[in-house]
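Undergrad: The amino acid sequence is not available; the structure is as follows:
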């Protein structure tokens, strides 16, 4: 309905063309810009070949300037299309398509005043057979060039005219996305295969950490019991010896104080003194022996402390390994999370590919309907051809009847002969049309069979991709269950250690009080 040019090639000023009903013609002398108008229509509809646009690059699309006008920095073409019949997939009676080019080489595409992508313009115009179509604008020599095309190129031209090429492009895009999905699934499989040995190693390390924790707990409990027993036994023996020494010392003092008043009993007292001294000597020897035993116990305690230091170092090493395992578990958790996110993205891509596959099926059904329409046209042409053949037979019969009147009706015979020639020419023309229609119907049927075969192959590939996706999801779920089991087991061990499950009640009371002695916690 409307074409607006601004800064495009020779149109420096804003120029508007209004197209009414019927056929519009643009006339003018050579060099007035008639071809530039056709190039502008091609350009705004997405043409990317600069040779078709009679240019070398984007800068050739922009007004280059003259002696009286400076050159411009932008070229803009806007075209308004009538969509009252709904040929374009938009809910508007008029559709405005625009394109801008800058000297920097950047191109902008506009649809109803909104900036869109080049692909969006192609998809919308492609629904009506307008996007980058070689027959949208018929230039000089295009018909002769089409007739001179090779069979492969002519087939591509017919496929584009029938709308099949657009579906083939969409199918190729869907196959590329499916291949990309397969590659992504392969990467997910590689990640899962890499995580499998790590999970087994982590499981073994967790078992070692748990075993170390149990052994360490048993060792600490045995050490507390042993040191408590030895300390209590030595304390009782030392207290008894000291008490006996104090008693004997007090008795000796009493005897000495009484010796002054009992001079007459010196002999008896002396005897008793000797007995007491013997007892004291015995107790002194006993005390020395206890002291020696205590010294030996101290040396034994020193040895045990040294062993305890070694155990503490081993415990610190195992604690560091436990922390490293915990850090590795967090890293593994992050890797599993990333794998799940990647899996979600691949599943989304697979669902999108399935949606495009459904759209391709619908388009294939439309192609089948078009093929049926062509077949109906071929049948109608065949019926018309049969009628003409019957008419020709009638005319021939009449010509044979009029053969007897050849002399009198020579002029009529000549006229009938001319009519016969015209009918034969028309018959030949209809025969050619019938053959062309039959050939077109055969090509459409062949294209439909090929599309069905490609569609079945695509469905098989999508089924295989979904099976691989389900297997990957099962492996991820199994790894998550293993991880949850390790986490629960570690939490249980930490809770048992904190609650001191399995300790004697007295040991738990002392450990809970947090008292410190000479050698460690008081037991």
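TA: Happy to help now that I have it. Computed from a prediction, not measured in an experiment: that's the story for all the values here.
Undergrad: which residues in the chain form helices?
TA: In chain order, the chain shows helices spanning 34-44, 118-126, 142-147, 151-162, 164-259, 266-401, 410-499, 505-513, with DSSP state H as the criterion.
Undergrad: weakest of those by average pLDDT?
TA: Considering the helices of the chain one by one, the lowest average pLDDT is found for helix 505-513, at a mean of 60.
Undergrad: I'd like to know how far residue 203 sits from residue 189.
TA: The spacing between residue 203 and residue 189, counted by CB to CB, to the nearest Å, is 21 Å. Every C-beta, even on glycine, is put in place using the N, C-alpha and C of the backbone.
Undergrad: From residue 105, how far out is residue 16?
TA: With CB to CB as the criterion, residue 16 and residue 105 are 27 Å apart.
Undergrad: Ok, residue 66 next?
TA: As judged by CB to CB, residue 66 and residue 105 stand 23 Å apart.
Undergrad: do residue 176 as well
TA: Going from residue 176 to residue 105 by CB to CB gives 27 Å.
Undergrad: Please apply the same query to residue 124.
TA: Summarising the geometry, the distance separating residue 124 from residue 105, computed by CB to CB, is 24 Å.
Undergrad: neighbour count winner among the two?
TA: For residue 124 versus residue 105, neighbours defined as other CB atoms under 10 Å are more numerous around residue 124 (19 against 9).
Undergrad: Please look at that one and residue 112 and confirm they touch.
TA: No - between residue 124 and residue 112 no contact is recorded; they are 10.2 Å apart, counting by CB atoms under 8 Å.
Undergrad: list residues touching both of the two?
TA: Residues touching both residue 124 and residue 112 (CB atoms under 8 Å, 6 or more residues apart in numbering): 90, 95.
Undergrad: Could you find the closest non-adjacent residue to residue 36?
TA: Nearest residue to residue 36 in three dimensions, chain neighbours excluded: residue 9, at 4.5 Å (CB to CB, 6 or more residues apart in numbering).
Undergrad: Based on its surroundings, how many neighbours for the one you found?
TA: A count of neighbours around residue 9, defined by other CB under 10 Å, yields 23.
Undergrad: And the pLDDT at it?
TA: For residue 9, the model assigns a pLDDT of 92.
Undergrad: If residue 115 is in a bridge, with which residues?
TA: residue 110 (DSSP bridges).
Undergrad: Make 30 the first number, not 1, from now on.
TA: I'll keep to 30 as the first residue from here, and by that count the last item is residue 144.
Undergrad: any idea how far it lies from residue 41?
TA: Applying CB to CB, one obtains 24 Å for the distance of residue 144 from residue 41.
Undergrad: With residue 138 instead?
TA: 23 Å.
Undergrad: And for residue 140?
TA: In this view, residue 140 and residue 41 are 26 Å apart by CB to CB.
Undergrad: Surely residue 45 touches residue 31?
TA: Yes - if you go by CB under 8 Å, residue 45 and residue 31 touch, sitting 6.8 Å apart.
Undergrad: So between these two, which is more surrounded?
TA: In this comparison of residue 45 against residue 31, neighbours counted by other CB under 10 Å, the higher total goes to residue 31 at 14 against 10.
Undergrad: Not counting its neighbours along the chain, what's nearest that one?
TA: Residue nearest to residue 31 in three dimensions, not counting chain neighbours: residue 109, with 3.9 Å by CB to CB, 6+ apart.
Undergrad: What's opposite that neighbour in the beta bridge?
TA: Taking DSSP bridges, one finds residue 31, residue 125 as the beta-bridge partners of residue 109.
Undergrad: Quick one: residues contacting it.
TA: Contacts for residue 109 (CB under 8 Å, 6+ apart) come out as 30-32, 123-125.
Undergrad: Show the buried residues in those.
TA: Neighbour-count burial (16 or more other CB atoms under 10 Å) is assigned, among those, to 32, 124-125.
Undergrad: Relative to residue 56, which of those residues is nearest.
TA: The closest of the buried ones among the contacts of residue 109 to residue 56 turns out to be residue 32 (CB to CB; 15.8 Å).
Undergrad: Would you confirm that that closest one contacts residue 110?
TA: No - between residue 32 and residue 110 there is no contact under CB under 8 Å: 10.2 Å.
Undergrad: Quickly list the domain ranges of the chain.
TA: 31-177, 205-394+510-533 (automatic domain parsing).
Undergrad: in stretch 96-111, what's buried?
TA: 101, 103-110.
Undergrad: Identify, from these, the entry nearest to residue 274.
TA: Of all the buried residues of stretch 96-111, the one sitting nearest residue 274 is residue 103; the distance, using CB to CB, is 115.5 Å.
Undergrad: For residue 93, which residues are in contact?
TA: Residue 93 neighbours (CB under 8 Å, 6+ apart): residue 100.
Undergrad: Tell me how far it lies from residue 222.
TA: Applying CB to CB, the value for residue 93 to residue 222 is 61 Å.
Undergrad: And for residue 454?
TA: Spatial separation of residue 454 from residue 222 under the definition CB to CB is 75 Å.
Undergrad: One more: residue 51?
TA: Between residue 51 and residue 222 the distance, using CB to CB, works out to 70 Å.
Undergrad: Neighbour count for those two, which is higher?
TA: Between residue 51 and residue 222, counted using other CB under 10 Å, the more crowded position is residue 222 (10 against 5).
Undergrad: Skipping its backbone neighbours, what lies nearest residue 39 in space?
TA: Nearest residue to residue 39, sequence neighbours excluded (CB to CB, 6+ apart): residue 62, at 4.5 Å.
Undergrad: And for residue 73?
TA: Spatial nearest neighbour of residue 73, chain neighbours left out: residue 106 (4.2 Å); criterion: CB to CB, 6+ apart.
Undergrad: Now do the same for that neighbour: its pLDDT.
TA: Here the pLDDT value assigned to residue 106 is 96.
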